[in-house]
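Asker: one predicted model, sequence on top.
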Amino acid sequence: MKSLTSRLVVLGILQLVLLAGTAFAIFVAEGPHEPGRPEEYVLPDMVRRLEDAIDQPAELQHALDELSDHRIEVSLYDAAGQLIATNVEPALAFPRHRRPPGEPRTGPPLAFPREPHVMVRWLRVHGERGYLVARGVHGRPPGAIGPVLVLICGFAIVVAGALLTARWILRPIERLSRTARALGSGNLAARSRIDRSDEIGELGHRIDDMADRIERLLVTEKELLANVAHELRTPLTRIGVALDLAGEGDAEAARAALAEIAVDVGELEAIVDDILTTMRFEIAGGGAQLPLRRELVTARAVADAAAERLRARHPGRPLVVDVTADASIDVDRVLFRRAIDNLLANAHKYTPDATAPIELDVSQANDRVVFEVRDRGIGIQAADLPRIFTAFFRGDRSRSRETGGVGLGLTLAKRIVDAHGGTIDVTSSPGTGSVFRVAVPVATT
Ligand code: ADP
């Protein structure tokens with residue numbers, strides 16, 4: 001992942017490189033910085049050209065300008081030390097160590113500054129010996145313009161970099177804050193959709209994920225409310241009808257209806273129990289910390305009690321119980337029973353053929369007791385399998401059927417089994433049936 005820090009460092013380096021490049025370009029554009037080299041240009045040919053042009057000012061000027069272009073200053077003197085022509089003001093000094101003819105050989109020693117890049121040549125002027133003094137110079141005297149230009153460009157680069165950085169960091173932050181505001185004001189569809197691989201992108205993903213979860217939670221809460229209302233309505237209507245019948249004096253019909261009401265009330269109780277237990281898990285923070293009132297019970301006792309409950313509730317349903325495990329398990333009896341009861345209740349609910357048997361197998365595999373609930377019901381779509389343990393999830397076919405339930409049974413079963421350090425899994429195929437398997441550790445004492 002590219003972190004914000006490394007991106008900022010890269011940007012800083014880029015700015016530096018850009019600045020260095022600009023400074024170099026300005027330096028180059030200022031022209032050659034090496035002084036001209038007279039020994040390269042003041043060659044015998046050039047000397048001859050100058051000699052020939054002594055009396056032709058235009059031609060002489062032309063030759064001097066050419067030397068000037070090569071960063072060479074030149075001054076020409078005649079034999080008497082008189083300046084004939086020059087391409088620099090003031091003219092280069094006469095080479096006084098070459099005494100002009102007629103000058104007494106007395107006086108202070110004559111000196112010609114032994115500067116580098118200075119050259120003196122004889123020059124024939126009107127048949128006499130004259131002199132050519134040449135000196136290489138820098139292209140242009142270094143001025144303030146270069147550094148000022150570099151400074152201005154540097155400023156522009158820094159400002160552009162700062163604006164870019166601000167745009168690049170502040171834009172998504174503004175988007176995040178807009179999303180947070182929208183979410184806060186109730187628009188749960190708002191998402192930042194920031195597609196970046198740095199810390200800001202990560203923050204965006206987290207906010208979007210959080211919004212997804214909140215949205216799902218609210219939807220499922222609404223579904224729960226709708227399901228609970230639906231679950232309550234049927235038995236309430238029946239109770240209403242039974243009461244009407246009883247009021248009309250038809251005691252026989254009222255008594256018949258009461259038996260159905262008892263079943264409905266039982267289911268209502270189970271639903272309310274599931275909701276309350278789920279709430280307990282939620283409050284305890286996911287199940288692991290839920291205080292379990294553990295006690296030693298035999299696997300057989302759990303299976304028998306669960307089977308008895310199913311038989312009492314659905315006397316017509318064939319149930320085959322096969323217990324081969326003799327081990328005891330250390331569980332919260334009430335909660336663990338709820339998990340097995342929910343699996344059996346589902347097996348019944350989702351097996352429309354009332355004559356199709358349900359099987360409850362309890363066996364021991366190594367240090368685990370395995371409870372297996374098998375049905376030959378409608379089965380579960382492969383796409384639904386990963387979601388059936390999610391709170392309030394109900395398969396499409398379960399929703400459309402009058403099966404009852406609010407989508408908490410399996411969630412609760414899984415949380416209970418998890419809290420006991422066990423595992424729950426399922427194999428199922430639509431039309432064939434389902435097998436739910438709960439494995440919990442054998443009690444060690
Ligand atoms: P509920 O039964 O209240 O809908 P559950 O959490 O118990 O909620 O189950 C979730 C979903 O899993 C059900 O809606 C159903 O679609 C599917 N399901 C659970 N058990 C079975 C089963 N034995 N056979 C087929 N589908 C099942």
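Answerer: Happy to help now that I have it.
Asker: could you use CA atoms for every contact and neighbour count after this?
Answerer: OK.
Asker: for the stretch 251-400 of the chain, give me the ranges with low pLDDT.
Answerer: Applying pLDDT under 70 to the stretch 251-400 of the chain flags residues 257, 282-290, 397-400.
Asker: which residues of it lie near the ligand?
Answerer: 346-347, 350, 377-380, 388, 393-395, 398 (CA under 6 Å from any ligand atom).
Asker: one more time with 5 Å
Answerer: Residues of the stretch 251-400 of the chain found near the ligand (CA under 5 Å from any ligand atom) are 346-347, 350, 379-380, 388, 394-395, 398.
Asker: phi first, then psi, for whatever residue of the stretch 151-300 of the chain ends up closest to the ligand.
Answerer: Nearest residue of the stretch 151-300 of the chain to the ligand: residue 271, at 8.2 Å (CA to the nearest ligand atom). Main-chain torsions, residue 271, degrees, to the nearest 10: phi -60, psi -50.
Asker: these two touch, right, it and residue 405?
Answerer: Yes - proximity of residue 271 to residue 405 meets the contact threshold set by CA atoms under 8 Å, at 6.8 Å.
Asker: these two: which has the busier surroundings?
Answerer: Using other CA atoms under 10 Å as the criterion, residue 271 and residue 405 rank with residue 405 on top: 24 against 21.
Asker: any idea how far residue 278 is from that one?
Answerer: Between residue 405 and residue 278 the computed distance is 14 Å (CA to CA, to the nearest Å).
Asker: go on, residue 304?
Answerer: 25 Å.
Asker: looking at those two, which has the bigger crowd around it?
Answerer: Remark: of residue 304 and residue 278, residue 278 carries more neighbours, 22 against 14, as counted by other CA under 10 Å.
Asker: please name the nearest non-neighbouring residue to that one.
Answerer: Nearest residue to residue 278, sequence neighbours excluded (CA to CA, 6 or more residues apart in numbering): residue 412, at 6.2 Å.
Asker: I figured the one you found hits residue 279, correct?
Answerer: No - using CA under 8 Å, residue 412 is not in contact with residue 279; the gap is 10.0 Å.
Asker: more crowded one of these two?
Answerer: Between residue 412 and residue 279, counted using other CA under 10 Å, residue 412 has the larger neighbour count: 25 against 14.
Asker: what sits against that one?
Answerer: By CA atoms under 8 Å, 6 or more residues apart in numbering, residue 412 lies in contact with 274, 277-278, 339.
Asker: JSON lines for those residues, including secondary structure?
Answerer: Listed next are the contacts of residue 412 as JSON lines, based on DSSP: H, G, I helix; E, B strand; the rest coil:
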{"residue": "274", "secondary structure": "helix"}
{"residue": "277", "secondary structure": "helix"}
{"residue": "278", "secondary structure": "helix"}
{"residue": "339", "secondary structure": "helix"}
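Asker: whichever of the residues you listed end up buried, select them in PyMOL.
Answerer: This is the PyMOL syntax for the buried subset of those, where burial follows 16 or more other CA atoms under 10 Å:
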select buried, resi 274+277+278+339
